[in-house]
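**Q** One predicted model, sequence on top.
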Amino acid sequence: MIKCPSCGSDLRYDPAEKQFVCDYCGSRFAVQELLDRRIITAKEYREAAGISEPEDEASGQEEDTSTYEASVFTCPMCGGELLSTDETYVTFCSYCGSSVMLDRTRKRVAAPDVIIPFAVSKEDCEASYRKMLAGAPYVPTEMKTQEQIAKFRGIYMPYWVYSAEVSGPLTVKGEREKRKGDYIYTDHYAIDTILDGKYDGISYDASSTFSDSLSSAVAPFNFDEAQPFTPAYMSGFYADTEDVPRDTYEDDTARVVKSDVVKRLYTDAEFARNGAGKEEIGKSPIIPKVKERLGYFPVWFLSFRSKTGNRVSYAVVNGQTGEIAADLPVSFGKYFIGSLLIAVPIFLLLTLFATFTPRMTLLIAAALGAVGMIIANNQLNRVFMRDKGLDDKGLTTVNPPKEESYGSKKKTNYKNIGESFSAVGTVLIIVGFLAGRIFAPLFLIVVPALIFIGIGSHLKTKISPDRVVYSAPAKDKIKVMWKPLVTIILCAGMAIVNPFRDYICYAGVIAGMALVCWCFLDIIKAHNYLTTRKLPQLGARGGDENA
């Protein structure tokens with residue numbers, strides 16, 4: 001620890017004030033002030049910050065700043081590690097949620113090149129989390145207790161920080177068409193330019209214990225506030241160690257940089273005037289030169305262990321910007337009560353102000369079955385990816401999943417899904433206008449059609465075409481999706497046949513809705529699976545979070 005120049009007590013770093021504070025006498029000091037004023041000698045500073053005396057100091061050589069000495073706390077339950085420069089005791093594990101005393105050893109570890117200091121205090125972090133929980137009424141009560149919320153821990157998470165350069169001459173082909181009489185003339189252009197662009201601060205988390213779904217949710221960090229690393233910033237906080245190879249995200253960085261260059265060229269007046277399209281520019285040999293370095297980024301980290309003890313959920317807060325993300329499972333009891341409180345008034349209002357024929361209720365049940373099938377399919381795919389770690393590039397790089405983990409290895413492109421949704425919607429509109437008067441009121445077909453088209457448009461334009469998901473095995477899907485499928489076949493079939501007895505229609509509606517409710521319970525189970533994770537097994541650093 002760094003000693004207070006006024007009273008000699010230990011100083012701690014306050015993120016809110018961005019300076020060191022003495023709790024005993026109330027004095028406050030900036031990091032640079034302590035160094036510039038030479039209040040302590042280099043040797044005293046190294047001892048306070050936990051940096052060992054360099055062996056070659058007597059010879060006048062510069063001390064090694066590529067490593068620093070830290071206490072390494074290892075969880076005996078999962079093997080997770082935390083680093084600290086303080087002489088403290090750790091009584092619970094942030095990764096598996098175990099309330100155990102962590103084993104402590106002292107050793108030198110690799111030092112990052114840069115660090116972004118904490119700027120969000122623990123009190124602000126807890127307040128943001130409480131606000132999030134207030135808007136989540138179905139969250140288990142145990143997650144809302146002060147004892148649980150107080151377990152937020154400030155951890156510097158390792159990130160690979162990439163910089164890139166694009167330079168040199170570039171020639172892009174363009175063409176423009178013009179009509180003269182009955183002829184169309186095409187003018188071809190060769191547009192020459194000189195690229196000279198520099199990028200910095202493109203970052204990806206370098207710890208396999210930090211899920212990509214969480215790290216991306218609290219991004220980005222403002223790299224302009226990064227400082228050269230000194231162990232002094234770690235006072236009062238912890239750090240995780242990097243285990244993801246440094247070249248893991250080089251291709252991703254190059255893709256990000258190239259995409260930005262293409263966008264800038266495409267919007268340039270000269271390129272637009274000469275007919276250089278985005279696709280043509282994208283084919284140009286734009287090859288960024290990428291370099292990387294290690295950085296520590298501030299994250300407030302909280303784990304919550306389930307009642308069964310075999311799963312854990314996380315909440316994380318960006319320690320610089322305050323952005324928050326959390327795994328919030330659903331309590332079945334609260335969900336059931338809340339659904340009743342909402343459904344009963346809606347049913348009474350619909351009964352008073354709308355008239356539903358037996359055939360109409362059958363079609364509504366069939367439509368709900370279709371919605372349930374779509375949601376269930378998406379959830380099961382996500383569960384499959386999470387279970388196998390396929391949604392976390394850092395994790396799969398450190399621990400590649402076995403070949404059979406990919407199932408059929410069918411990748412689903414969101415753009416293709418969007419096109420399929422739009423096609424189904426178009427077919428429904430055609431069928432609606434041609435046969436809607438025969439089988440059902442027109443709006444019961446046209447409205448779902450418009451919904452399909454809207455979803456398709458969103459998937460095609462708002463989600464990157466490069467994003468893919470792996471499809472869960474059919475044997476896993478059929479366990480859930482047979483319920484909405486039977487609902488669709490039963491209710492839609494009865495609506496087409498149109499039995500003369502109303503009670504037969506209502507019996508079909510009751511059976512179909514029971515299956516739909518069963519399906520939605522399965523969807524909630526899948527949601528809870530996605531918001532809780534298998535206990536990490538990190539015995540050999542870089543173990544599988546999903547093991």
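**A** Yep, that arrived.

**Q** Please make it C-alpha for all contacts and neighbour counts, starting now.
**A** Will do.

**Q** after the helix or strand of the chain with the lowest mean pLDDT, next one along is what?
**A** The helix or strand of the chain with the poorest confidence is helix 42-49; it has a mean of 48 (mean pLDDT, DSSP states H and E). Counting by DSSP states H and E, the element after helix 42-49 in chain order, helix or strand, is strand 67-74.

**Q** what packs against whichever helix or strand comes after that next one?
**A** Later in the chain than strand 67-74, the nearest helix or strand by DSSP H and E is strand 81-84. On a contact count with 3 or more C-alpha pairs under 8 Å, 6 or more residues apart in numbering; DSSP states H and E, strand 81-84 meets strand 67-74, strand 238-239.

**Q** Output those as JSON lines; include the columns mean neighbour count.
**A** Formatted as JSON lines, the helices and strands packed on strand 81-84 follow (neighbours: other C-alpha atoms under 10 Å):
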{"stretch": "strand 67-74", "mean neighbour count": "22"}
{"stretch": "strand 238-239", "mean neighbour count": "22"}
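
**Q** what's the least confident stretch among the ones you listed?
**A** For the helices and strands packed on strand 81-84, mean pLDDT drops lowest on strand 67-74, to a mean of 86.

**Q** Run through the neighbouring helices and strands of it.
**A** Counting contacts by 3+ C-alpha pairs under 8 Å, 6+ apart, strand 67-74 is packed against strand 81-84, strand 103-110.

**Q** Which one of the ones you listed lies nearest to Thr361?
**A** Closest of the helices and strands packed on strand 67-74 to Thr361 is strand 81-84, at 57.0 Å (criterion: C-alpha to C-alpha).

**Q** what's in contact with that closest one?
**A** Defining contact as C-alpha atoms under 8 Å, 6 or more residues apart in numbering, one finds that strand 81-84 is touched by 70-75, 234-235, 237-241, 541.

**Q** Report the distance from it to the chain centre.
**A** Between the centre of strand 81-84 and the centre of its chain there are 24 Å (C-alpha atoms, centre = their mean, to the nearest Å).

**Q** For it, buried residues please.
**A** By neighbour count with 16 or more other C-alpha atoms under 10 Å, strand 81-84 contains the buried residues 81-84.

**Q** Could you tell me how far Ser215 is located from Pro358?
**A** Separation of Ser215 from Pro358 (C-alpha to C-alpha, to the nearest Å): 50 Å.

**Q** Ala127 now?
**A** Taken as C-alpha to C-alpha, the span from Ala127 to Pro358 is 51 Å.

**Q** These two - which one has more neighbours?
**A** A count of neighbours by other C-alpha atoms under 10 Å puts Pro358 above the other of Ala127 and Pro358, at 21 against 13.

**Q** Alpha carbons of the host helix or strand of Asp200, as PDB, please.
**A** Following DSSP H and E, one finds Asp200 within strand 183-205. Extracted in PDB, the C-alpha atoms of strand 183-205 (Å, rounded to 0.1, in the frame of the first residue of the first chain):
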ATOM      1  CA  TYR A 183     -29.000   3.000 -76.200                       C
ATOM      2  CA  ILE A 184     -27.500   2.700 -72.800                       C
ATOM      3  CA  TYR A 185     -23.900   3.900 -72.400                       C
ATOM      4  CA  THR A 186     -21.700   2.700 -69.600                       C
ATOM      5  CA  ASP A 187     -18.700   4.900 -68.500                       C
ATOM      6  CA  HIS A 188     -15.900   3.100 -66.700                       C
ATOM      7  CA  TYR A 189     -13.700   4.900 -64.200                       C
ATOM      8  CA  ALA A 190     -10.500   4.100 -62.300                       C
ATOM      9  CA  ILE A 191     -10.500   6.200 -59.100                       C
ATOM     10  CA  ASP A 192      -7.100   6.600 -57.500                       C
ATOM     11  CA  THR A 193      -6.600   7.700 -53.900                       C
ATOM     12  CA  ILE A 194      -4.000   7.500 -51.100                       C
ATOM     13  CA  LEU A 195      -5.000   5.900 -47.900                       C
ATOM     14  CA  ASP A 196      -3.600   7.300 -44.600                       C
ATOM     15  CA  GLY A 197      -5.600   6.200 -41.600                       C
ATOM     16  CA  LYS A 198      -4.800   5.300 -38.000                       C
ATOM     17  CA  TYR A 199      -7.000   3.600 -35.500                       C
ATOM     18  CA  ASP A 200      -6.400   2.900 -31.800                       C
ATOM     19  CA  GLY A 201      -8.400   1.600 -28.900                       C
ATOM     20  CA  ILE A 202     -10.200  -1.300 -30.600                       C
ATOM     21  CA  SER A 203     -10.500  -3.700 -27.700                       C
ATOM     22  CA  TYR A 204     -11.700  -7.200 -26.900                       C
ATOM     23  CA  ASP A 205     -11.600  -8.900 -23.500                       C
END
